[in-house]
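Novice: Fold the following and give me the result.
(chains A and B)
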Amino acid sequence: MPDKMSLVLFSGTDDKLMAASIIASGGVANDMDVDIFITFWGLTKIEKDGQKNPDVSFEGQPMKDQVFALMKKNNVPDWVTMLKNAKEVGNIKVYGCAMFADLLQLKKEDLDPIVDDIIGVNEFVSMSKDSMTMFI
Amino acid sequence: MESEVKPSKVVDARNTFCPGPLMELIKAYKAAKTDDIISLYSTDSGTKRDAPAWIKKSGNELVGVYDREGYFEIVMKKTK
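Specialist: Take a look at the predicted model:
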């Protein structure tokens, strides 16, 4: 098994982003270095004020209210908090996609401090060539 | 069944969900010294499998998994 994991976060709904945080947690628990590349709708949710409207993907819509109510009742942390916790446990680097950041005129300081850097796809693919890679 | 060893550190992760309890255990493990006994309380069913698997895979000693009232306790010894 590779000792590196790479996640591409394309989706901007909280269910998929939470799945990514949970998988990243599993990665560091298995001593893997985890690189996360956030682009498109994922990047819009890591803006400093991007957490205001939690949403789920299309297939989750019928259960959305029920699931969010249960998560609130059970104090389930949001995906950014979960990712911060995982970052305390192991080596996780979070990168914003330069192309989409440029398109929306976002700088690193416009994004949540969990983002380590803004890099291009070439650099991300280069660092991921020996990784277990997932597109979420 | 009671565990026979007294833990140096108790991680009470009851009522938190996967992956919270395992992350808390690993944090406590990193802060612990060799031969420390760490006890994890959890109510999360995934953790009952994941935490012992992590303890063994990381080369540490699984002292035991105990059913308590309304939760379970996983006890490990930091051996490396």
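Novice: What is the burial count for B:Thr79?
Specialist: Using other Cβ atoms under 10 Å in any protein chain shown, B:Thr79 has 12 neighbouring residues. C-beta coordinates here come from the backbone N, C-alpha and C atoms, glycine included.
Novice: Now do the contacts for it.
Specialist: B:34-35, B:59-61 (Cβ atoms under 8 Å, 6 or more residues apart in numbering or on different chains).
Novice: Chain neighbours aside, what residue packs nearest to the closest residue to chain A within chain B?
Specialist: Nearest residue of chain B to chain A, counting by Cβ to the nearest Cβ: B:Pro19, 3.7 Å away. The shortest distance from B:Pro19 to any non-neighbouring residue, by Cβ to Cβ, 6 or more residues apart in numbering or on different chains, is to A:Ser25 (3.7 Å).
Novice: now the strands: where do they sit in the chain?
Specialist: Picking chain A for this. Residue ranges of the strands in chain A, as given by DSSP state E, are A:4-9, A:33-38, A:92-97, A:117-119, A:132-135.
Novice: Let me rephrase: I mean chain B.
Specialist: Using DSSP E, strands in chain B cover B:9-12, B:37-42, B:61-67, B:72-77.
Novice: packing partners for the shortest one?
Specialist: So that's strand B:9-12. If contacts are counted by 3 or more Cβ pairs under 8 Å, 6 or more residues apart in numbering or on different chains; DSSP states H and E, strand B:9-12 sits against helix B:20-31, strand B:37-42.
Novice: Out of these, the one nearest A:Ile46 is which?
Specialist: Among the helices and strands packed on strand B:9-12, the nearest to A:Ile46 by Cβ to Cβ is helix B:20-31 (20.2 Å).
Novice: Could you list the low-pLDDT ranges of chain A?
Specialist: A:1-2, A:50-52 (pLDDT under 70).
Novice: Give me the neighbour count for the closest residue in space to A:Lys64 that isn't next to it in sequence.
Specialist: Of all residues not flanking A:Lys64 in the chain, A:Val56 sits nearest, at 4.8 Å (Cβ to Cβ, 6+ apart). Using other Cβ under 10 Å, A:Val56 has 18 other residues around it.
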